[in-house]
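Q: Provided below for reference: sequence and predicted model.
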Amino acid sequence: MFDMAEVPQPEDSLNPDFISERAKRLCAGEIFLDAAGNRAMSNRYDRSSNSKGIVDFGVSENKLMFDVFEKKLAEPKIQTLAPHMLFYDVMAGNLRFRGALAEFLTERLNAAKPLDPKNVRVCNGAGPMMELVASSIGDPGDCLMMPMPCYGGVFWDVGGRAEINVVPVHLTSKMEEGDTMPFQLTAKKIEDTYNKATAEGKKIVGILLINPHNPLGDIYSAELIMDILNVCHRHSLHVIMDEIYMMSIFDTEAKFTSVLSLPNIPDPQRVHLVWGFAKDFCMSGMRCGVLYSVNEAVNKAVDALVYFNMIPGPIQHVLTEIVLDKEWLDNVFIPTKYSRMREARSYMCDKLSALGIPVRKSPSGLYIWADFRKYIQPLTPENELVLFEKFMDAGVYLTPGIEAFNCGEPGFFRMVFTVYRDHLEVGMERIAAVLKDCAENGLTKPQADNAEAPTSADVKEESLEDLLGLLQGRISSSGWLEETRTQNWATQNPEALEQFKQAMKSQEGFGDK
Amino acid sequence: MMVEAVPLHTLSSRGATTVKKHTGALLMKFASRIKANGYDTTENSQGIVDFGVSENKLMFDVFEKKLAEPKIQTLAPHMLFYDVMAGNLRFRGALAEFLTERLNAAKPLDPKNVRVCNGAGPMMELVASSIGDPGDCLMMPMPCYGGVFWDVGGRAEINVVPVHLTSKMEEGDTMPFQLTAKKIEDTYNKATAEGKKIVGILLINPHNPLGDIYSAELIMDILNVCHRHSLHVIMDEIYMMSIFDTEAKFTSVLSLPNIPDPQRVHLVWGFAKDFCMSGMRCGVLYSVNEAVNKAVDALVYFNMIPGPIQHVLTEIVLDKEWLDNVFIPTKYSRMREARSYMCDKLSALGIPVRKSPSGLYIWADFRKYIQPLTPENELVLFEKFMDAGVYLTPGIEAFNCGEPGFFRMVFTVYRDHLEVGMERIAAVLKDCAENGLTKPQADNAEAPTSADVKEESLEDLLGLLQGRISSSGWLEETRTQNWATQNPEALEQFKQAMKSQEGFGDK
């Protein structure tokens, strides 16, 4: 069709003639997680067909329940197809689905009063729902606070297109006065951050919280939530409460408090609950996020935009049947899931314990927050990445705290344990091997020929994998990292660094919520 | 403490603007009003017959059978987990194969250039926002698919500049509402002189609402004009497999061997119309422009499609035997039958219908029944139809037609709906012929005032106005203009409601 030989190819595929300014900004966006996740996804470990592939402890999804779903989804009631499922429906979700969700969430969240289906809205993912809400309550350039370390995807969710900035409420491993554990969230830290940022001229419109927490796995107490709501009320701030892991609390003794279960919150018009099927129902590929808000203005704004985010009719039907089957949920799905999660988590924790890696105590989540500081000497952000690369080279993907979760200090990794058993075993073996090597040889490999650092001539943008492979190769086969601090290389090779960063940060495949 | 019903002050400026732009999305509200009060032979015979929303309801039985096949019912783990955001590679490969054949592509489509998202409208937004910045413009021939204004303008803030086509033929035209490359270039020059920044043109071929198919010559002429001005061309071929007249010759832009500026031609298609599944939510993009593709890759995170749906659609497009021997012939046969029925009835009423080989609808000329022929009276006729229980979309409000008198009527509906709907139309037109466009004079009920108008209840508003119009003679006494002058707020709200979009309407 196109006689490509005659058409001059743009030298730079981001040719300014072809795309808008906004598109250029989008393509330059920084998503570490997507590049890393993509790398893992395109070379997945498989015991029989790709045993050299990468074991994925990075992407937060629960892979443990497929067999149970296969059975469930084959039920005739679920397989039913009715005409309305193939035709246009209410954009924010059909009323039967929203009614079923109101019922389901009222029970699972122990809501203080029954949820009204008219206040339930659905769209194709919790991340997209986050964008819809954020763009309704904030203007481009406005800010949402969020405790760090945090779910790394939030920056794209609210910032990628809606241009809402995230202001960190930094939590640290060093306990402050009054703290009882490291990385502890308090209402005071939030208010201090608010005051400081506001004094700097930032316009903060709200706060985004994830409870149960990603990546720490914490569950906030009722008291903490009320303290936070009171601080927010004081400053007329919106609260987006993401409870997407509310049904991933494998420690059945733990007490979870949904924001919707609190009887007397100070500013209900500014509290918006987000949930989704991806994590709790082990179906990240189903694409279904839920919003519950009593704020009619927010709801109308979401109604307007959700045209761009609709969910297929048949999917709404399947999910309706799933959430309505209380008997299956309580007697089959949930207990089986929690039992398998506990087993997998124990396995991983035992292995880490044997390696002397402390793990944050947490009752929930698909992952653990692990402390690798003793193996990272000296303890720097660059060296955290070196360890990350060593793991990747060895065929296991762990997400590093700084790049992936904006942690304020180096040394921490999140590790997803809801993976197939053989992946768990092989992955932990590979981690053990890397750490053994670190303990014996230091963080970097022994000095070899000082291979030349990559130049921009070596860097071809169209082959991301080549690029990463090249750099990986340089890093692991030479001693140049010992001699050349990353900073020096960056100064000497600004173009290559830029291309590498862009390559690492662009998006494809998926990540990590 | 009293909470106001719609606390706009809790929103950002952007949020409040979105709500105002969209409130009342009349077409959408009509669409949801229809769905809330849809005609049903047994359960709701007083309900509204829907000749408005462009969807093909004729093939459910065939799908029910197809989708029950074990191959399609299969569930594999990867379908439940995260996948490539712009669509999994198997699906995109299947689409490349399918579109290469159905579009008679000049060379085989490369799966790497195929992208999918949850709807052709959303895909339109992704492409538009990649090629235009807020405030930039896309040209589009009018009358046009009404949804485009929200698709590219609702959030991406791209403005649509009309290339107005009229029923009055210009020199060189062979039919009314004829598109030519010259009309496009004239519009471009005029708008550019006015300071507008036009980045491209949006075309739908086969056309909605006219049903036209553009010739290969016309398409090349347009591409050459666009190349001259470095304009992007978004070619929406979403009705390419709804060409029930099997003699008609369709030319996909991808079938042309030597187009002048391939980097600026972007094909959009989707499953909604051709596969009679508007609720499935799947739109497709084919572009060789790596920059556009990267930008779409970045944004499609917000528009992903479920894994199981990708699987089902993959199996459907790969089943050539079923497509060629079952689905397509059955669909076209049913479409021709329904269309004939509707056209025969309209012919008996003296309503001219645009000759067209494609689409789920016809473009009908009601001018003889609209006296005097004004935009307001087109709406009066629209309301009379609604009151009588049949929904036809009016040319000006729904398709930005430059003149009054035309309605689009969807015929791909259940047979009994077709029959009842046409009866109701006949009754309304008979009444118009006998009594004029308005009802006989009754008590002159007070015209609605702004105090009556509550923004949060559009349905109340419409019901109120409907009631006034049909139960009183005030329209006879009070020309719509006077009412508009006396009630500018209410009129504005009504108009905005009529013009915005929700649900799904009309594409």
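A: That came through, no problem.

Q: Every contact and neighbour count from this point should use C-alpha atoms.
A: Will do.

Q: my guess is residue A:348 contacts residue A:427, does it?
A: No - using C-alpha atoms under 8 Å, residue A:348 makes no contact with residue A:427, being 9.5 Å away.

Q: who's more crowded, these two?
A: The neighbour comparison of residue A:348 against residue A:427 (other C-alpha atoms under 10 Å in any protein chain shown) goes to residue A:427, with 24 against 21.

Q: and that one, what pLDDT?
A: According to the model's per-residue confidence, residue A:427 sits at a pLDDT of 98.

Q: quick one: it and residue A:55 touch, right?
A: Yes - judged on C-alpha under 8 Å, residue A:427 makes contact with residue A:55 at a distance of 5.7 Å.

Q: which residues are common contacts for those two?
A: Common contacts of residue A:427 and residue A:55, defined by C-alpha atoms under 8 Å, 6 or more residues apart in numbering or on different chains, comprise A:395, A:396.

Q: which SS class is the residue in the stretch 101-250 of chain A that chain B sits nearest to?
A: When C-alpha to the nearest C-alpha is the measure, the stretch 101-250 of chain A has its nearest residue to chain B at residue A:136, with 4.0 Å between them. The three-state label given to residue A:136 by DSSP: H, G, I helix; E, B strand; the rest coil is helix.

Q: Equivalent analysis for residue A:55, please.
A: Under three-state DSSP, residue A:55 falls in the strand class.

Q: That one: how many residues sit nearby?
A: For residue A:55, the number of neighbouring residues by other C-alpha under 10 Å comes to 30.

Q: these two touch, right, it and residue A:394?
A: No - taking contacts as C-alpha under 8 Å, residue A:55 lies outside contact range of residue A:394: 9.4 Å.

Q: where along chain A do the strands fall?
A: Under the criterion DSSP state E, strands of chain A are mapped to A:55-56, A:120-123, A:143-148, A:165-170, A:204-210, A:238-242, A:271-276, A:289-292, A:367-371, A:396-397, A:399-400, A:412-416.

Q: For residue A:300, find the nearest of the ones you listed.
A: The closest approach between residue A:300 and any of the strands of chain A, judged by C-alpha to C-alpha, belongs to strand A:120-123 at 10.5 Å.

Q: That closest one vs chain B: in contact?
A: No - contact between strand A:120-123 and chain B is absent, the nearest approach being 9.5 Å (criterion: C-alpha under 8 Å from any C-alpha of the partner chain).

Q: For that strand, C-alpha coordinates in CSV please.
A: Only the C-alpha atoms of strand A:120-123 are listed here, as CSV (Å, rounded to 0.1, in the frame of the first residue of the first chain):
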residue,chain,number,x,y,z
VAL,A,120,-22.1,3.1,42.4
ARG,A,121,-20.2,3.6,39.1
VAL,A,122,-18.0,1.2,37.1
CYS,A,123,-15.4,1.6,34.4
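
Q: Pairing partners for it, with directions?
A: Strands flanking strand A:120-123 in the sheet, each with its direction: strand A:289-292 (antiparallel) (DSSP bridges).

Q: tell me which residues in the partner strand are buried?
A: Neighbour counts over strand A:289-292 (16 or more other C-alpha atoms under 10 Å in any protein chain shown) mark A:289, A:290, A:291, A:292 as buried.

Q: What's the end-to-end length of stretch A:84-102?
A: Counting by C-alpha to C-alpha, to the nearest Å, you get 21 Å between the two ends of stretch A:84-102.

Q: From the chain's centre, how far out is that stretch? Work that out for me.
A: Once both centres are worked out by C-alpha atoms, centre = their mean, to the nearest Å, stretch A:84-102 turns out to sit 27 Å from its chain's centre.

Q: swap in stretch A:289-304?
A: Counting by C-alpha atoms, centre = their mean, stretch A:289-304 is centred 23 Å from the centre of its parent chain.

Q: And the contacts of that stretch?
A: Residues outside stretch A:289-304 that contact it (C-alpha under 8 Å, 6+ apart) are A:91-92, A:119-129, A:132-133, A:136-137, A:268-277, B:5-8, B:10-11, B:15-16, B:18-19, B:22-23, B:502.

Q: what's in contact with stretch A:322-331?
A: Under the criterion C-alpha under 8 Å, 6+ apart, residues A:100, A:101, A:104 lie in contact with stretch A:322-331.

Q: In CSV, list those residues along with pLDDT and distance to chain B.
A: Shown next, in CSV, are those (pLDDT from 0 to 100; distance: C-alpha to the nearest C-alpha, whole Å):
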residue, pLDDT, distance to chain B
A:100, 98, 19
A:101, 98, 19
A:104, 98, 21
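
Q: who wins for most neighbours among those?
A: Within these, most neighbours by other C-alpha under 10 Å means residue A:101, with 24 neighbours.

Q: Run through the stretch 301-450 of chain A and note the low-pLDDT ranges.
A: Judged against pLDDT under 70, the low-scoring parts of the stretch 301-450 of chain A cover residues A:445-450.

Q: For it, list the residues in contact with chain B, please.
A: So far as C-alpha under 8 Å from any C-alpha goes, the stretch 301-450 of chain A lies against chain B at A:301, A:304, A:305, A:307, A:308, A:309, A:310, A:311, A:312, A:313, A:314.

Q: May I see those organised as a markdown table, with neighbour count added?
A: Formatted as a markdown table, those follow (neighbours: other C-alpha atoms under 10 Å in any protein chain shown):
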| residue | neighbour count |
| --- | --- |
| A:301 | 27 |
| A:304 | 29 |
| A:305 | 25 |
| A:307 | 24 |
| A:308 | 30 |
| A:309 | 29 |
| A:310 | 31 |
| A:311 | 33 |
| A:312 | 29 |
| A:313 | 26 |
| A:314 | 22 |
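
Q: Next, count neighbours for residue A:403.
A: With neighbours defined by other C-alpha under 10 Å, the count for residue A:403 comes to 17.

Q: pretty sure residue A:376 contacts residue A:444?
A: No - contact status for residue A:376 versus residue A:444: not in contact, 10.1 Å apart, counting by C-alpha under 8 Å.

Q: buried ones in stretch A:390-407?
A: Of the residues in stretch A:390-407, those buried by neighbour count under the rule 16+ other C-alpha under 10 Å are A:390-407.

Q: tally of neighbours for the residue lying closest to residue A:184 once chain neighbours are set aside?
A: For residue A:184, the nearest residue in space outside its immediate sequence neighbours is residue A:171; the separation is 6.3 Å by C-alpha to C-alpha, 6 or more residues apart in numbering or on different chains. Counted by other C-alpha under 10 Å, the residues lying close to residue A:171 total 21.

Q: Could you list the contact residues of the stretch 51-200 of chain A toward chain B?
A: Applying the criterion C-alpha under 8 Å from any C-alpha, the portion of the stretch 51-200 of chain A that neighbours chain B consists of A:61, A:63, A:66, A:70, A:74, A:79, A:81-91, A:124-125, A:127-128, A:135-139, A:160-161.
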